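Trainee: give me a model of this one.
(chains A and B)
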2 protein chains.
Amino acid sequence: MLYIGFDVGGTGVQVGVVNEKGEILCKGNMVTRTDIPVADQIKAMADCALETLGRSGYGLNDVKSLGAGLPGVVDPRTGHVAFCPNLGWKDVDFAGEMRKHIDKPVYMDNDATVAGLAENVAGVSAGAHSSVFLTLGTGVGGGIVIGGKVWSGFHGVGSEIGHMIIEMDGNPCNCGNRGCLERYCSATAIILAARAAVNQYQDSAIMAKCEGDPMKINAKMVFDAAKEGDELGLKLFNEYVKALSTTIVNIIHFLDPEVIALGGGVSKAGDFLLDALRKEVAHLVMYKTMPYARIELAKLGPDAGIIGAAMLGL
Amino acid sequence: MLYIGFDVGGTGVQVGVVNEKGEILCKGNMVTRTDIPVADQIKAMADCALETLGRSGYGLNDVKSLGAGLPGVVDPRTGHVAFCPNLGWKDVDFAGEMRKHIDKPVYMDNDATVAGLAENVAGVSAGAHSSVFLTLGTGVGGGIVIGGKVWSGFHGVGSEIGHMIIEMDGNPCNCGNRGCLERYCSATAIILAARAAVNQYQDSAIMAKCEGDPMKINAKMVFDAAKEGDELGLKLFNEYVKALSTTIVNIIHFLDPEVIALGGGVSKAGDFLLDALRKEVAHLVMYKTMPYARIELAKLGPDAGIIGAAMLGL
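Mentor: Numbering: from 1, shown residues only, chains lettered A, B, ... in the order given. From the prediction side, this is the model:
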């Protein structure tokens, strides 16, 4: 059987026809239309899925279910999308609307959660009993898999790893609290920290990379400078590693999953980041002689959203 | 059927004959003998269990399994007790030794973990799908139940909630790290904070309660002073509530269990503590309009260890 997955973002929707191994057979995409009513947005997504299915050479009889990864929260009491700020959705019966156009079971979950599921089905943690996935992007998202199944929490408000507090009274976060992981380990946090520090390091390689304009700094420039041995680059990189290692060790000391996987733009720093994290985590874990979670880089890249959304129906 | 539970501590072992509802039918106890070889320690425990079973009026044919809650870590690879520092145990085949004397299935887990299971079977979180139990005692321990079953992690090193870091570069912990919850929310932490501050608050009610000798301060004196409106007592109590609320919110934002239950000596502060925690958690949770975990006081008290150990065999 086949599974249709939607990766719904604030600017675009990616759709894919996926087999039970998590392989994408055919892809489509559309612009996110927040300028039209929600029902019309969902109809446009259905049309895009049907068009993509047509191109795949298969038909609706081959499709078992539809799934969507959404930038928001699904309320398990109602089955509705509780809210997606980027889409302007609030209490939306996504499944009900979608089934008006494609009469198949419809599953939904948070976008970072489905990316974690994708890695657990077809990526770096394939077949793992339990895994925690961290998306290190503009923000920090999380996905938890236990017993091979997505765990979004009893009330649907879990796996918000970016808003776990690692420093009481720490940096203020957009959520209203202080010291959230997201304020230390998102690309945004790296950029803000570099902008705040770069004037004290006029000779930094970061200053050259941004052509003297701190507003042009991005996270890659900072980590590239660190790789080159630049003083400020290394300082910011080490602070990043410390904060992320603290969270990884908290996850080990709390849930102790089989695998912890890192995805998102910042994880493209690759082995440079991974090696530093593994070293710091080994230093911080309490039971030095017991095995603990493998820490790995995600494998699936931007396709994880489509694959994981589709695999919600597995 | 009946279940025998051992609650093994550094000074004493409690044993109980428990029915499938988590009710204790008969109890026994013995002094922990760390002065004799491990095999003899375990034989003495078996003898104590058989004597207690005899007093209950039942026989071995009525017993389905044995379980033990231990102050240490069980290695899921070997099934052995990996280490219990307080008992001087390292890589002990507890089940194998016990079965030489009582030929029944033997289960083991960490003491805080089984206390959490007990609450989930017969206590405040009875029947909950998922719960997290925090023991607020000399140290801080944790127990996680998911889908009605104990979750000690994939490698057996999870639910060490006392060693989740809530303040990078915070107070140094015995485990070698800094900023662990245990350094803020154990009875020990309360006592150390009070001792360090009390000389600046000579008029504090705490000073009267400890008869002017800071070495006599205990956690109850500090929280009792807070209840009376004492300035230092309230300052220390508010710091305690802030640190524990931070951890509770981290658990909500990560795992999102159905219930979070608080046990151990410090939880005897009762509604005074619970009300303050609930208020602060409500302030800190990210999704203000979504439901989240019920925060409750544990119900079973010191019997939780026996009951939970027995219920490992359910």
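Trainee: which ones are touching the closest residue to chain B within the stretch 201-314 of chain A?
Mentor: Per CB to the nearest CB, residue A:256 is where the stretch 201-314 of chain A lies closest to chain B, at 2.4 Å. Every residue, glycine included, has its C-beta placed from N, CA and C. By CB atoms under 8 Å, 6 or more residues apart in numbering or on different chains, residue A:256 lies in contact with A:292-293, B:152-159.
Trainee: and for residue A:32?
Mentor: In this structure, residue A:32 makes contact with A:8-13, A:41, A:87, judged by CB under 8 Å, 6+ apart.
Trainee: tell me who's in contact with residue A:58.
Mentor: A:2, A:17, A:25.
Trainee: repeat the analysis, applying 6 Å as the threshold.
Mentor: Neighbour list for residue A:58: residue A:2 [criterion: CB atoms under 6 Å, 6 or more residues apart in numbering or on different chains].
Trainee: which helix or strand contains it?
Mentor: Under the criterion DSSP states H and E, no helix or strand holds residue A:58.
Trainee: ok, now how distant is it from residue A:52?
Mentor: Relative to residue A:52, residue A:58 is positioned 10 Å away (CB to CB, to the nearest Å).
Trainee: next one, pLDDT for the closest residue to residue A:295 other than its chain neighbours please.
Mentor: Distance criterion CB to CB, 6 or more residues apart in numbering or on different chains; nearest residue to residue A:295, sequence neighbours excluded, is residue A:260 at 5.0 Å. We have a pLDDT of 98 for residue A:260.
Trainee: in the sheet, who's paired with residue A:260?
Mentor: Judged by DSSP bridges, the bridge partners of residue A:260 are residue A:132, residue A:295.
Trainee: does it touch residue A:132 like I think?
Mentor: Yes - if you go by CB atoms under 6 Å, residue A:260 and residue A:132 touch, sitting 5.1 Å apart.
Trainee: between these two, point out the one with more neighbours.
Mentor: Taking other CB atoms under 10 Å in any protein chain shown, residue A:260 and residue A:132 do not tie; residue A:132 has more neighbours (30 against 23).
Trainee: that one reaches residue A:258, doesn't it?
Mentor: No - taking contacts as CB under 6 Å, residue A:132 lies outside contact range of residue A:258: 9.4 Å.
Trainee: hey, what's in contact with both of the two?
Mentor: Common neighbours of residue A:132 and residue A:258, counting by CB under 6 Å, 6+ apart, are absent.
Trainee: got the angle for the longest helix seen in chain A vs helix B:231-254?
Mentor: Counting residues, the longest helix found in chain A (DSSP state H) is helix A:231-254. Angle of helix A:231-254 versus helix B:231-254, following axes from the mean of the first three to the mean of the last three CA atoms, to 10 degrees, is 90 degrees.
Trainee: how about helix A:231-254: buried residues?
Mentor: Neighbour-count burial for helix A:231-254 flags A:232-237, A:239-254 (criterion: 16 or more other CB atoms under 10 Å in any protein chain shown).
Trainee: count the neighbours of residue A:271 for me.
Mentor: Number of residues near residue A:271 (other CB under 10 Å) recorded here: 9.
Trainee: for the stretch 1-150 of chain A, which segments are assigned as helices?
Mentor: Per DSSP state H, counting those that start in this stretch, the stretch 1-150 of chain A carries helices over the ranges A:38-56, A:94-99, A:111-122.
Trainee: buried deepest among those, which one?
Mentor: Of all the helices of the stretch 1-150 of chain A, helix A:111-122 has the most neighbours on average by mean count of other CB atoms under 10 Å in any protein chain shown, namely a mean of 29.
Trainee: select, out of the helices of the stretch 1-150 of chain A, the one closest to residue A:78.
Mentor: helix A:94-99 (10.3 Å; CB to CB).
Trainee: what sits up against that closest one?
Mentor: Taking CB under 6 Å, 6+ apart as the rule, helix A:94-99 contacts A:39, A:42, A:81, A:106, A:108.
Trainee: give me the pLDDT for the closest residue to residue A:143 other than its chain neighbours.
Mentor: In space, and not counting its chain neighbours, residue A:143 is closest to residue A:116: 2.4 Å by CB to CB, 6+ apart. Looking at residue A:116, its pLDDT stands at 96.
Trainee: same question for residue A:236.
Mentor: What the model reports for residue A:236 is a pLDDT of 98.
Trainee: may I ask you to confirm that it is in contact with residue A:222?
Mentor: Yes - in this structure residue A:236 lies within contact range of residue A:222 using CB under 6 Å: 5.3 Å.
Trainee: identify the contacts common to the two.
Mentor: residue A:194.
Trainee: most neighbours of all the contacts of residue A:32, which one?
Mentor: residue A:8 (26 neighbours).
Trainee: any idea how far residue B:28 is from it?
Mentor: In terms of CB to CB, residue A:8 sits 60 Å off from residue B:28.
Trainee: so which of the helices of the stretch 1-150 of chain A comes closest to residue A:297?
Mentor: Using CB to CB, the nearest of the helices of the stretch 1-150 of chain A to residue A:297 is helix A:111-122, at 9.9 Å.
Trainee: pull the CA atoms of that closest one into CSV?
Mentor: C-alpha atoms of helix A:111-122 as CSV (Å, rounded to 0.1, in the frame of the first residue of the first chain):
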residue,chain,number,x,y,z
ASP,A,111,6.3,18.8,11.9
ALA,A,112,9.3,18.1,14.1
THR,A,113,7.6,15.0,15.5
VAL,A,114,6.9,13.5,12.0
ALA,A,115,10.5,14.2,11.0
GLY,A,116,11.6,12.2,14.0
LEU,A,117,9.3,9.4,12.9
ALA,A,118,10.7,9.5,9.4
GLU,A,119,14.2,9.0,10.8
ASN,A,120,12.9,6.1,12.9
VAL,A,121,11.3,4.4,9.9
ALA,A,122,13.8,5.1,7.1
